[in-house]
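Student: Just the structure for this:
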Amino acid sequence: MSSTHFGFESVDEQDKARRVRGVFDSVAPKYDVMNDLMSMGLHRVWKAYTVMVADVREGQCVLDIAGGTGDLALAFASKVGNTGCVVHTDINEAMLREGRNRMLDAGKVLPTTVCDAEHLPFGDARFDLVTVAFGLRNMTHKDEALKEMNRVLKPGGKLLVLEFSKIAKPLEKAYDWYSFKVLPRLGKLVANDDSSYRYLAESIRMHPGQEELKALMHKGGFGHVDYHNLTGGVVALHVGIKC
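Tutor: The predicted structure follows:
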């Protein structure tokens, strides 16, 4: 049986999805609060920058993968208008439920579905834009997921991957201290769950760096790929254009 990583731990591939689901089942109720605390509010700036780079226009169709509590889906919905569409998806039902409730509170009703990014239930060349924010690193077969994202994009369509990445070297020691000492304690204090946040810190370290992910996106069928480092490389926004 093939193995893969779950944070720093090696696990069977078939077991990873279950364990990742368990993490997000646990963190879903406090996910937005913890995002604000962990990033000191910077996740809002990173997502706003992503929306700006996306340059979504009225009438376009957007697929938000690993959309969680719906930050990006809500932002894009205000851009595409009544003639466009935004499909909000996540593999984790608890996260999706939190996002759906948040959208209803905001007066938005969007198509919402549980789906696996490695097997997207959509036809070829359907979307103008595909986004995945802080979700790619949790996928077992990132190469397959990227190929699927490419498949559902229209020619000339755009993929945006917002994800934690390799931080600038002068910041590494401070970042490691924060990730492995402060973050789990914050998770324990606020969400009563230190182990899930320890996994999240480990998963960031196991995720491909900026150049590695760029190469992986090229292999996934994207002709032009570039990336923007944000906050010293804590996060990178990769932009891929389908040929």
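Student: isn't Arg57 right next to Lys79, touching?
Tutor: Yes - look at Arg57 against Lys79 with CB atoms under 8 Å: they come within range, at 7.0 Å. Bear in mind the C-beta positions are built from the backbone N, C-alpha and C, glycine included.
Student: Those two - which one has more neighbours?
Tutor: Taking neighbours as other CB atoms under 10 Å, Arg57 and Lys79 compare with Lys79 leading, 17 against 12.
Student: Pull up the per-residue confidence for the more buried one.
Tutor: Per-residue pLDDT puts Lys79 at 97.
Student: Quick check: it is in a helix.
Tutor: Yes - judged by DSSP: H, G, I helix; E, B strand; the rest coil, Lys79 forms part of a helix.
Student: So it sits against Met52, correct?
Tutor: No - taking CB under 8 Å as the definition, Lys79 is not a contact partner of Met52, at 10.5 Å.
Student: Helices along the chain, start to end?
Tutor: 13-27, 31-39, 42-54, 71-80, 93-105, 142-152, 172-177, 183-191, 194-206, 210-219 (DSSP state H).
Student: and those helices as TSV, adding distance to His228?
Tutor: Formatted as TSV, these follow (distance: least, CB to CB, whole Å):
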stretch	distance to His228
helix 13-27	26
helix 31-39	17
helix 42-54	7
helix 71-80	16
helix 93-105	25
helix 142-152	18
helix 172-177	19
helix 183-191	24
helix 194-206	18
helix 210-219	10
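Student: Ala236: which of the ones you listed is closest?
Tutor: Nearest to Ala236, of all the helices of the chain, is helix 210-219, at 5.1 Å by CB to CB.
Student: so the closest one versus helix 142-152, what angle?
Tutor: Taking axes from the mean of the first three to the mean of the last three CA atoms, to 10 degrees, one finds that helix 210-219 is oriented at 50 degrees with respect to helix 142-152.
Student: what about helix 210-219, average pLDDT?
Tutor: Helix 210-219 carries an average pLDDT of 98.
Student: Identify the residues contacting that helix?
Tutor: 136, 142-143, 146, 159, 161, 163, 165-166, 207-208, 225-227, 229, 233, 236, 238, 240 (CB atoms under 8 Å, 6 or more residues apart in numbering).
Student: Mind doing that once more with 6 Å?
Tutor: With contacts defined as CB atoms under 6 Å, 6 or more residues apart in numbering, helix 210-219 is touched by 146, 165, 225, 227, 236, 238, 240.
Student: Which of these fall within strands?
Tutor: Those of the contacts of helix 210-219 mapping onto strands are 225, 227, 236, 238, 240, per DSSP state E.
Student: Quick check: the farthest pair among those?
Tutor: Ala236 and Gly240 (12.6 Å).
Student: between these two, who's got more neighbours?
Tutor: Between Ala236 and Gly240, counting by other CB under 10 Å, Gly240 is the more crowded of the two (27 against 23).
Student: What's opposite the residue nearest to that one when sequence neighbours are not counted in the beta bridge?
Tutor: Once flanking residues are discounted, Gly240 sits nearest to Phe222: 3.4 Å by CB to CB, 6 or more residues apart in numbering. In this entry, Phe222 is beta-bridged to Lys242, by DSSP bridges.
Student: what about Phe222, how many neighbours?
Tutor: By the criterion of other CB under 10 Å, Phe222 has 24 neighbours.
Student: Now do it against Arg44, distance only.
Tutor: 27 Å (CB to CB, to the nearest Å).
Student: What of Thr69?
Tutor: For Thr69, the distance to Arg44 - CB to CB - is 12 Å.
Student: Looking at the two, which one has more neighbours?
Tutor: Applying other CB under 10 Å to Thr69 and Arg44 shows that Thr69 carries more neighbours, namely 22 against 12.
Student: Confirm for me that the more buried one is in contact with Glu98.
Tutor: Yes - the criterion here is CB atoms under 6 Å, and Thr69 meets it with Glu98 at 4.9 Å.
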